[in-house]
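J.: here you go, sequence then predicted model.
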Amino acid sequence: AQSVTQPDIHITVSEGASLELRCNYSYGATPYLFWYVQSPGQGLQLLLKYFSGDTLVQGIKGFEAEFKRSQSSFNLRKPSVHWSDAAEYFCAVGAGLTGGGNKLTFGTGTQLKVEL
Amino acid sequence: DAGVIQSPRHEVTEMGQEVTLRCKPISGHNSLFWYRQTMMRGLELLIYFNNNVPIDDSGMPEDRFSAKMPNASFSTLKIQPSEPRDSAVYFCASSLGQLDNEKLFFGSGTQLSVL
């Protein structure tokens, strides 16, 4: 069964500073990896995803993530954080379903706080 | 498209009462998922449907929980009887149900409080 570990429960960064959120996964085959963001009182929104090809993927809002098979990691990065990036971030691994689609297993999330 | 629509947004009920959460997936989506989010356990997949058929309900915590999808545009998650430990945010999500790498679209959730 697949699993995801996000070792950092809370992270605080200053506005304009760089950001890296860690994610490690466990999956027996080539993983489909996702990062979602959740703002307070809202559902989850997809930031980016990886399924094959270039291991550095670009997402919305200036985020990027790098897939490293040797480290079983899929860390999320942003060069310069904005106050509006404060939210909770979830890493997820997807397992394909018979008949199509996938089932996501989520990490426990990292709460990002941005100091002005 | 209006996205995934969940109702109600907030539900407060007393222990022992029946609770019904509702979800309307995005039109044309074939897969529907119910997730529960708590501080202690994070996001847990409760059950998912493909083409209105329940495929895996191994995440449903107890027999008090049941879910149905009578047609492609509607699903319910029912808790009977409800207990305080059921208090959580319940999310419904849908996807096309065609590709392994497709994304899920989430509703805004139902905040359930069982007193």
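T.: That came through fine. What you are looking at is a predicted structure, and each value in this text was computed from that prediction instead of being measured. Residues are numbered from 1 along each chain as shown, chains lettered A, B, ... in the order given.

J.: so which residues on chain A come close to chain B?
T.: Selection of chain A residues close to chain B by CB under 8 Å from any CB of the partner chain yields A:32, A:34, A:36, A:41-46, A:49, A:51, A:90, A:94, A:96-97, A:99-109. From N, CA and C alone the C-beta is placed, and that goes for glycine too.

J.: which among those count as buried?
T.: By neighbour count, with 16 or more other CB atoms under 10 Å in any protein chain shown, the residues of chain A next to chain B hold A:32, A:34, A:36, A:43-46, A:49, A:51, A:90, A:94, A:97, A:100-109 as buried.

J.: okay, now B:Q80: neighbour count?
T.: Look at B:Q80: counted by other CB atoms under 10 Å in any protein chain shown, it has 13 neighbours.

J.: not counting sequence-adjacent ones, nearest residue to the closest residue to chain B within chain A?
T.: Chain B sits closest to A:G43 of chain A, with a gap of 3.3 Å, by CB to the nearest CB. Sequence neighbours aside, B:F106 is the residue nearest to A:G43 in space, at 3.3 Å (criterion: CB to CB, 6 or more residues apart in numbering or on different chains).

J.: pretty sure the one you found sits against A:V37.
T.: No - look at B:F106 against A:V37 with CB atoms under 8 Å: they stay out of range, at 10.9 Å.

J.: give me the common contacts of those two.
T.: Common neighbours of B:F106 and A:V37 (criterion: CB atoms under 8 Å, 6 or more residues apart in numbering or on different chains): A:44-45.

J.: OK, contacts around residue 46?
T.: Picking chain A for this. Applying CB under 8 Å, 6+ apart, the residues contacting A:L46 are A:34-36, A:59-60, B:103-104.

J.: chain B was what I was after
T.: Contacts of B:L46 (CB under 8 Å, 6+ apart): B:34-36, B:57, B:59-61, B:65, B:67, B:77.

J.: how far away is A:F51 from B:E102?
T.: Noted for A:F51: a distance of 9 Å to B:E102, by CB to CB, to the nearest Å.

J.: element containing B:K103?
T.: Secondary structure assignment for B:K103, by DSSP states H and E: no helix or strand.

J.: residues in contact with it?
T.: Shown in contact with B:K103 (CB under 8 Å, 6+ apart): A:34, A:46, A:49, B:95.

J.: beta partners for B:V114?
T.: Beta-bridge pairing for B:V114 (DSSP bridges): B:T13.

J.: cool, and B:T76?
T.: Here B:T76, judged by DSSP bridges, has bridge partners B:R22, B:K68.

J.: which residues sit in contact with it?
T.: By CB under 8 Å, 6+ apart, the contact list for B:T76 reads B:20-23, B:67-68.

J.: now do B:S82
T.: B:S82 sits next to B:13-19, B:64, B:112, B:114 when contact means CB under 8 Å, 6+ apart.

J.: for it, give me the pLDDT.
T.: Note on B:S82: pLDDT of 96.

J.: ok, B:G3 - how many residues close by?
T.: Using other CB under 10 Å, B:G3 is surrounded by 14 other residues.

J.: correct me, but it touches B:L104?
T.: No - B:G3 lies out of contact with B:L104 (CB under 8 Å); the separation is 11.7 Å.

J.: tell me how far the closest residue in space to B:T20 that isn't next to it in sequence lies from chain A.
T.: Spatial nearest neighbour of B:T20, excluding adjacent residues (CB to CB, 6+ apart): B:K78 at 5.0 Å. According to CB to the nearest CB, to the nearest Å, B:K78 and chain A sit 21 Å apart.
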